[in-house]
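Enquirer: Give the three-dimensional model of this entry:
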Amino acid sequence: MSDSQSSTQAGSDPLDQMVCFALYAAARATNRRYVALLKPWGLTYPQYLVLVLLWSRQSLAVKDIAENLKLDSGTTSPLIRRLEGRGFLTRERSAGDERAVIVTLTQAGTVLREELAHIPGCILESTRLSLADGKSALSLLHNVAANLSSAAAPGDHPDERP
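Expert: Here you go, the predicted model:
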């Protein structure tokens, strides 16, 4: 590393050197962009994610939606209730397992797919990444998430606890 690089790094904000903060800032900026784009439909970003998931699968159990979105069911259920109240999906108990609740898109929820089809392109455009760089970033972020999810934290092992 050259002297100019080390002085730049030494004088820079310590947050700028943290991958975790860069991920956090990027996630917040992305969320703000989605909020602005989804506002005309009165949808939140997590509600949009539920719809995106259902557009590809038509119906899923609540627990599968929660698992796919990396959320707990206590967070997922209110999202689903609000979308149901707006007529975008329905909830029914599974015939095969009374404990499972199956969520299915309604016609209104299916129509919304076309209305919101421009959103991913707007997000990509806002990042100013090329398609190739966007794909590369996506792959890298998937790897980061998978590695962090599978990494043991200090103190996870009973022998490491105070």
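Enquirer: For Leu23, which residues are in contact?
Expert: Neighbour list for Leu23: Leu141, Val144 [criterion: C-beta atoms under 8 Å, 6 or more residues apart in numbering]. To be clear about C-beta, it is placed using only N, CA and C from the backbone, and glycine gets the same treatment.
Enquirer: now it: how far from Leu140?
Expert: As defined by C-beta to C-beta, to the nearest Å, Leu23 lies at a distance of 11 Å from Leu140.
Enquirer: Grab the CA positions of the strand or helix carrying Arg81 and hand them over as PDB.
Expert: According to DSSP states H and E, Arg81 maps onto helix 73-85. Only the C-alpha atoms of helix 73-85 are listed here, as PDB (Å, rounded to 0.1, in the frame of the first residue of the first chain):
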ATOM      1  CA  SER A  73     -44.000 -15.700  11.400                       C
ATOM      2  CA  GLY A  74     -44.800 -12.900  13.900                       C
ATOM      3  CA  THR A  75     -43.500 -10.400  11.300                       C
ATOM      4  CA  THR A  76     -44.900 -12.200   8.300                       C
ATOM      5  CA  SER A  77     -48.500 -12.700   9.500                       C
ATOM      6  CA  PRO A  78     -49.400  -9.000   9.800                       C
ATOM      7  CA  LEU A  79     -47.900  -8.300   6.300                       C
ATOM      8  CA  ILE A  80     -50.100 -11.100   4.900                       C
ATOM      9  CA  ARG A  81     -53.200  -9.900   6.800                       C
ATOM     10  CA  ARG A  82     -52.800  -6.300   5.400                       C
ATOM     11  CA  LEU A  83     -52.400  -7.700   1.900                       C
ATOM     12  CA  GLU A  84     -55.500  -9.800   2.300                       C
ATOM     13  CA  GLY A  85     -57.400  -6.800   3.600                       C
END
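Enquirer: Pull out the buried residues from that helix.
Expert: Thr76, Ser77, Leu79, Ile80, Arg82, Leu83, Glu84 (16 or more other C-beta atoms under 10 Å).
Enquirer: neighbours around the nearest residue to Ala137 once chain neighbours are set aside, how many?
Expert: Of all residues not flanking Ala137 in the chain, Leu129 sits nearest, at 6.4 Å (C-beta to C-beta, 6 or more residues apart in numbering). Residues lying near Leu129 (other C-beta atoms under 10 Å) number 14.
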